[in-house]
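**Q** Please work out how this folds:
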Amino acid sequence: MTDGFHFAEPLWLWALFLPLLLWLLPRMRHGEGDESRIAAYADPHLLPYLVLGRRDRRPSQRRRYLWWTLLWVLAILAMAGPRWDFTEIAVARPGTNLVILLDLSRSMDVVDDRPSRLGRARQEIEDLLDTNPGVKVGLIAFASVAHVVAPITEDSDTLRHLLPSLSTDLVRFPGSRLSQGFARAGRLLEGQPAGEPGALLVISDGDFVEEGLEAEATAMREAGARVHVLGVGTPGGGPVPLMPMAGGPAPVMSRLEEEKLERLASAGGGLYQRADFRESDTSAIWDRLLADAEPAAAEGDVARRVWNERYPWLVALAMLVLLVWFRRGAEPRRLADG
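**A** Got it, this is the predicted structure:
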């Protein structure tokens, strides 16, 4: 990192050579100059009378050239952005990398929670993003397989745009394999800077039959990532909508498996909350995330250099030069070839 005097955009400095090129090109084209060319057609004693007017104009042309050159140099130096001092400010790093694991199994279409379990889950994610702007969040959707919808990012707008496209119609095979979601979440967290704590938020109705999920949640906790759970649905449940098929079986009932989800959160060292229309569900989980991140955030404060831009001084000087020029009666116009 540069410590002393430097330019923010040094490539602009190449434009400083333009006045020199404009001065050289006419001379390279004219060779020895107008007087030498006129001398080939006129007697030497007539030359003073033939070139007198041009000689009288040359001092004013040189002055205009010098004025334009000075203004050009000041403008280019300002565009290059000179810097030589800075101010250090403390910037707090985000304390937690949160990975959301969203259940997309067919049971999430049950409408015991309006507009549906999945619709309620999407609204909860939006609430989380709205109340905590700038937080680093990743999103994984899981059913029979798990897919990374978005890596861990601070771009909450992108996550909001992706949420409406998440549907159980994306799932071809039945099932809800949370273990794959844990594996992919672990890989996402491994890619984050060392020292930044991570956490998982599972949003599901608990309608999965995998064995060993509590042990996997314990492993995630021991690896430094607490597992929080947000349950969607009601204990009373409702029928699971089936994919349209002729002669298909009757709809099956699906209920919110709160005991299973509570055990999962307990094994992962996190909190369990049931989703509702109040903000207390996600806010309780978020308060726990902040509490876990507080020590790391305090240690993660870093000093960031904010360079003091000095180009306004050059702009002011250029304006002063223009003022002096106009007061001297010089009309700014394109310099004629001298």
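
**Q** okay, now residue 215: neighbour count?
**A** Neighbour count of residue 215, defined by other C-beta atoms under 10 Å: 11. Any C-beta I mention is one placed from the backbone N, CA and C, and that applies to glycine too.

**Q** oh sorry, the question was meant for residue 84
**A** Residues near residue 84, counting by other C-beta under 10 Å: 12.

**Q** If we ignore the residues flanking it in sequence, what's nearest it?
**A** residue 5 (4.1 Å; C-beta to C-beta, 6 or more residues apart in numbering).

**Q** where exactly do the strands run in this structure?
**A** Using DSSP state E, the strands of the chain run over 6-7, 82-83, 86-91, 97-103, 136-142, 146-153, 198-204, 225-231, 238-239, 253-254, 269-274, 302-307.

**Q** Any chance of the ones you listed in a markdown table with distance to residue 214 as columns?
**A** Converted to a markdown table, these look like this (distance: least, C-beta to C-beta, whole Å):
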| stretch | distance to residue 214 |
| --- | --- |
| strand 6-7 | 56 |
| strand 82-83 | 56 |
| strand 86-91 | 39 |
| strand 97-103 | 15 |
| strand 136-142 | 17 |
| strand 146-153 | 18 |
| strand 198-204 | 12 |
| strand 225-231 | 10 |
| strand 238-239 | 26 |
| strand 253-254 | 21 |
| strand 269-274 | 12 |
| strand 302-307 | 38 |
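
**Q** For residue 186, which of those strands is the nearest?
**A** Proximity to residue 186 (C-beta to C-beta) singles out strand 225-231 among those, at 7.4 Å.

**Q** Tell me the strands beside that closest one, with direction?
**A** Using DSSP bridges, strand 225-231 pairs in its sheet with strand 198-204 (parallel), strand 269-274 (parallel).

**Q** Looking at the ones you listed, which is nearest to residue 225?
**A** That would be, of the strands paired with strand 225-231 and by C-beta to C-beta, strand 198-204, which comes in at 4.2 Å.

**Q** mean confidence for stretch 289-300?
**A** Mean pLDDT, stretch 289-300: 58.

**Q** ditto for stretch 6-14
**A** 84.

**Q** Dump that stretch to CSV, keeping only the CA atoms.
**A** Extracted C-alpha coordinates of stretch 6-14, given in CSV (Å, rounded to 0.1, in the frame of the first residue of the first chain):
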residue,chain,number,x,y,z
HIS,A,6,1.0,9.4,-5.2
PHE,A,7,-1.8,9.8,-7.8
ALA,A,8,-5.1,8.0,-7.6
GLU,A,9,-5.3,7.8,-11.4
PRO,A,10,-1.7,8.0,-12.7
LEU,A,11,-2.7,7.1,-16.3
TRP,A,12,-4.0,10.6,-16.7
LEU,A,13,-0.4,11.9,-16.5
TRP,A,14,0.3,10.6,-20.1
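
**Q** mind checking how far it is from the chain centre?
**A** 25 Å (C-alpha atoms, centre = their mean, to the nearest Å).

**Q** hmm, who's touching it?
**A** 76-77, 79-84, 307, 309 (C-beta atoms under 8 Å, 6 or more residues apart in numbering).

**Q** hmm, which two among the residues you listed are most spread apart?
**A** Farthest pair in those, by C-beta to C-beta: 76 and 307, 19.0 Å.

**Q** Neighbour count: those two, which is higher?
**A** residue 76 (18 against 15).

**Q** Please name the nearest non-neighbouring residue to the more buried one.
**A** residue 15 (4.8 Å).

**Q** Tell me who's in contact with the one you found.
**A** 72, 76, 79.
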